[in-house]
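> I would like to see how this sequence folds:
(3 chains)
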Amino acid sequence: MAGSTDRDDPDRDALVEQVLDLVEAVPPGRVTTYGLLADAVGFGGPRWVGRVLATSGAAVPWWRVVRADGSLPPSHRRSAVAHYLEERTPVRTDASGAVQRVDLPAACWLPPR
DNA sequence: GGGTTGACCAATG
DNA sequence: TCATTGGCCAACC
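Predicted coordinates:
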C-alpha cells in the first residue's frame, strides 16, 4: 500500500536544499569540492552532488564548487573563471595567463558539519 | 527491468 | 602533471 510517489520524496528534496544551502554559504574568494558537500550531507556521493547542481543549482553560486583536485567544472569553467576574478579567488594560471585550476590549498572552504 | 550517462573521487603508471 | 582504471550513486531511455 502506500503508493509511494518515489519522485516526490521529501527526504531527497531536503538533501537537495541542504546542498544548495551549503553552496550559498560559501564565502566569496573561497571554494569547496563536490566530495566535501557529499560528505557534509552524508548522502549519495560526489556524483549525486554534481547532479543536484546540474539540475537545480541554477540559483546558487555553483562556480564556487570545484573538483577535488581544484579543476574547474568541465561544463562552465570559462564562466566560472570570470566569477573567480570577480571574487578574487586564488587561481593557478598557465604561462599564457589562462586559468587552469583553482588554488585549492589556499581557497579550500570546509562546509559546516 | 536493464544498460548508459554524468558539473565525481582515489589510486596507479 | 596527465592518462587510465575501478568504484560510487542516482537519473534517464
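> Tell me which residue lies nearest the centroid of chain A.
In chain A, the residue lying closest to the centroid (CA atoms, centre = their mean) is A:Val65, at 2.8 Å.
> Quick check, that one in contact with A:Val31.
Yes - here A:Val65 reaches A:Val31: they are 6.9 Å apart, a contact under CB atoms under 8 Å. No exception for glycine: its C-beta is placed from N, CA and C like everyone else's.
> pretty sure A:Pro27 contacts A:Trp109?
Yes - between A:Pro27 and A:Trp109 a contact is recorded at 6.7 Å, counting by CB under 8 Å.
> Mind listing what's buried along stretch A:106-113?
A:107, A:109, A:111 (16 or more other CB atoms under 10 Å).
> who touches the last one in this structure?
When you say that, I think you mean A:Pro111. A:22, A:25-26, A:32, A:36-37, A:40 (CB atoms under 8 Å, 6 or more residues apart in numbering).
> ok, now how distant is it from A:Val49?
11 Å (CB to CB, to the nearest Å).
> what is in contact with these two at once?
A:Leu37.
> where does chain A come near DNA strand C, residue by residue?
Selection of chain A residues close to DNA strand C by CB under 7 Å from any atom of the strand yields A:12, A:43-48, A:51, A:55, A:100.
> Could you rerun that using 10 Å?
Within chain A, the positions adjacent to DNA strand C are A:6-7, A:9, A:12-13, A:15-16, A:35, A:38, A:43-52, A:54-55, A:69-71, A:92, A:94, A:100-101, A:104 by CB under 10 Å from any atom of the strand.
> Same question for the one helix or strand A:Val23 maps to: list its buried residues.
A:Val23 is located in helix A:10-25, with elements delineated by DSSP states H and E. Buried positions in helix A:10-25, judged by neighbour count with 16+ other CB under 10 Å: A:15-16, A:18-20, A:22-23.
> and that helix, is it in reach of DNA strand B?
Yes - shown here: helix A:10-25 in contact with DNA strand B (CB under 10 Å from any atom of the strand) through A:Val23.
> So, low pLDDT: which residues of chain A?
Along chain A, segments meeting pLDDT under 70 span A:1-10, A:74-75.
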